[in-house]
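Student: Any chance you could fold what I've pasted below:
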Amino acid sequence: MAATLSAVPFAAIAGDNFYVGAFGGYGSLHATATVGGTAGSTDMNGGRIGGFAGADFLIGQGWLIGLEGDISYDRNSLSATAGGFTGSIGTDFGASVRGKVGYDLGPANLFLAGGWTGTNLFAKVSGLGSANQWLNGYTVGAGVDFKITDSIFARGEYRFNQFETLSGGGASVGFNQHVVNAGLGVRF
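Tutor: Numbers count the residues shown, from 1 in each chain. A predicted model of the protein is given here:
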């Protein structure tokens, strides 16, 4: 028996399935470094903003599936001064593409999401220059879209992002991030 896809998010309330929106939130980036057998870690916390776009499809009896992409700017960084040099490390631009599965409660959609994520890691040292490295990884999370009007919805979500580990020269650095977002979207 094949499932029929229909463009009916929020049950029969809003008749279309495509949406766009913007979000703001908070991210806590955790870095763990191992150098010559000695390990240490630090957290880099800060705000984030971004935009998202996607589509949801009702597949019967309130269940929905979807696909969503987003871009973001994170303000997760750590700065230090030593020996006359000032340096900083952190992440700034990021993106993700996630699959969604959820349940339509009428005025709200509850969802689980997961997929690919990536972020730009930067390192800057005054007088010496800067470097950037794109980190790929995976993201998993859960959220709720709550209907405000027939086309406008509010969103709240939590995500866990695990990024790849950088290694070389007897050292390795791993990164993961906990994120809480709140946003507004418009369905077409």
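Student: Could you use CA atoms for every contact and neighbour count after this?
Tutor: Fine.
Student: hmm, who's touching the helix or strand of the chain with the lowest mean pLDDT?
Tutor: Counting by mean pLDDT, DSSP states H and E, the chain has its least confident helix or strand at strand 166-168, which shows a mean of 86. Applying CA atoms under 8 Å, 6 or more residues apart in numbering, the external contacts of strand 166-168 come out as 172-174.
Student: With stretch 121-132 instead?
Tutor: 85-92, 120, 133-135.
Student: how long is that stretch end to end?
Tutor: By CA to CA, to the nearest Å, the extent of stretch 121-132 from end to end equals 6 Å.
Student: Please enumerate the strands of the protein.
Tutor: 18-35, 38-60, 63-82, 85-104, 108-125, 129-147, 152-163, 166-168, 171-187 (DSSP state E).
Student: which residues touch residue 103?
Tutor: Residues counted as contacts of residue 103 (CA under 8 Å, 6+ apart) are 62-64, 109-111.
Student: Name whatever forms a beta bridge with it.
Tutor: For residue 103, the beta-bridge partners are residue 63, residue 110 (DSSP bridges).
Student: My guess is residue 171 contacts residue 32. True?
Tutor: No. Assessed by CA atoms under 8 Å, residue 171 is found out of contact with residue 32, at 10.7 Å.
Student: Mind putting the contacts of residue 103 into JSON lines with distance to residue 21 and pLDDT?
Tutor: Formatted as JSON lines, the contacts of residue 103 follow (distance: CA to CA, whole Å; pLDDT from 0 to 100):
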{"residue": "62", "distance to residue 21": "23", "pLDDT": "88"}
{"residue": "63", "distance to residue 21": "22", "pLDDT": "92"}
{"residue": "64", "distance to residue 21": "19", "pLDDT": "91"}
{"residue": "109", "distance to residue 21": "15", "pLDDT": "92"}
{"residue": "110", "distance to residue 21": "17", "pLDDT": "96"}
{"residue": "111", "distance to residue 21": "16", "pLDDT": "97"}
